[in-house]
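Asker: Predicted structure and sequence below. I'll ask about it afterward.
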Amino acid sequence: MISRERVFEAMAHREPDRVPLYLWVFRQPGVLQEIEARHGGIEAFYDLLSLDMCQTFPSKGLAPSRPAHPDAVTVETPYGRGTYGNEMTLEEALEVPFTDPDDEATYARIREEVAHHKGRKGRAIFLQTPGVFEASNGIIGLETNMAEMLTRPGLIRRLYERIARWNFRYIENALEIGVDVIHVSDDWGMNGAMLFSPKTWWELVYPAEKITTDFARRMGAPLSLHCDGYLMDVMDGVIELGFQCLHPVQASSGMDQLRIKREYGDRLTIYGGLDVRTTLGRGDSDGVRAEVRRLMRDLKPGGGYLFCTSHMVQPGTPVEEVEMAYRVALEESWYK
């Protein structure tokens, strides 16, 4: 069974030969350099860990850059360079032309990763896709976004809908290139609670997100959601939106993995599990081994599980510890 087949068998809630494995590393400072020094490159590391997927990102985001403010801070993100302290007003965000979704430069990295990971290695390709709330944070800032949800919900809804409709051509183009799964990234949670009320989610986020998910479903594409933190209060809505896969189901923020497996496991694949806050990188090798074994024991029966980290491997985490965790995961992943 090749990797793509393994991933889709698990997402169909059947037991493949083993649980599919993946790891979030992306552009973490220091982590990739250590991997490259130790293994010669990230592709060799993927091969060593027997990874079955690749999460691919656009080379350009949907919102154009504006001239840098003197106090703005530029940082590396999974989407490329991000600027903080340089956000637009809501009025500007509603009027500024978004990046042309047919711009070939947006897809350079996607094409390369589809060719290598799917074409040569047989891995499944998950496409990082803007979620309406998270993408708005990158344009107008988190504080402004949340304030406008309360004070000017009609305008913020318009921004969310603009983002959702931009996704149409982006998804079409990426599917034509060969991506397999539309992976919407939209962080709604924090530790133990959502960032806003479930009522606000249903009124503002759900209808805009549904524009994207309905389109992806019409295109015949499977849907996956990344949402950090706690979102138990809107799990029924996640299902209604058509998501078939959820990352990271973060236990350290209050997400009940066993309850989700029990109540939604016939419809929703759990993607994640290995917590980068409380388990990996803490210097407790025995604890890592025990947690990996627990995850496999609790979440792999019946399929519907993709083993992965809860987020990006954090700087300072020894690569040797990551390798050890994935050796144990591979050992425990087999169904027969």
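Answerer: Yep, that arrived.
Asker: Every contact and neighbour count from this point should use C-alpha atoms.
Answerer: Noted.
Asker: now stretch 165-179: how far from the chain's centre is it?
Answerer: Centre-to-centre, stretch 165-179 and its host chain are 17 Å apart (CA atoms, centre = their mean, to the nearest Å).
Asker: tell me which residues in it are buried?
Answerer: Buried positions in stretch 165-179, judged by neighbour count with 16 or more other CA atoms under 10 Å: Arg165, Trp166, Asn167, Phe168, Tyr170, Ile171, Glu172, Asn173, Ala174, Leu175, Gly178, Val179.
Asker: Pull the residues that contact it.
Answerer: Where contact means CA atoms under 8 Å, 6 or more residues apart in numbering, the residues beyond stretch 165-179 that reach it are 62, 98, 101-102, 107, 110-111, 114, 124-127, 129-130, 182, 211-212, 215-216, 219.
Asker: do the same with stretch 255-274
Answerer: Identification of contacts with stretch 255-274 by CA under 8 Å, 6+ apart yields 10-11, 13, 192, 229-232, 239, 243-251, 280, 291-292, 295, 298-299, 304-310.
Asker: I'd like the mean pLDDT over that stretch, please.
Answerer: Across stretch 255-274, pLDDT averages out at 96.
Asker: who's in contact with the closest residue to Val19 other than its chain neighbours?
Answerer: Excluding the flanking residues, the one nearest Val19 by CA to CA, 6 or more residues apart in numbering is Ser333, at 4.9 Å. Ser333 makes contacts with Arg18, Val19, Pro20, Met296, Lys300, as judged by CA under 8 Å, 6+ apart.
Asker: Sort out which of those residues are in helices and list them.
Answerer: Of the positions in those, Met296 sit in helices, assigned by DSSP state H.
Asker: quick one, phi/psi of Cys245?
Answerer: Main-chain dihedrals, Cys245, degrees, to the nearest 10: phi -150, psi 140.
Asker: surely it meets Met235?
Answerer: No. Using CA atoms under 8 Å as the test, Cys245 is too far from Met235 to be in contact (11.8 Å).
Asker: Neighbour count: those two, which is higher?
Answerer: Neighbour tally, Cys245 and Met235, criterion other CA atoms under 10 Å: the higher count belongs to Cys245, 25 against 12.
Asker: and the more buried one, what does it touch?
Answerer: By CA under 8 Å, 6+ apart, the residues touching Cys245 are Met11, Leu223, Ser224, Leu225, Leu268, Thr269, Ile270, Tyr271.
Asker: of the residues you listed, closest to Leu155?
Answerer: Of all those, Leu155 sits closest to Leu225, with 24.8 Å by CA to CA.
Asker: do you know how far the closest one is from Arg267?
Answerer: Separation of Leu225 from Arg267 (CA to CA, to the nearest Å) stands at 13 Å.
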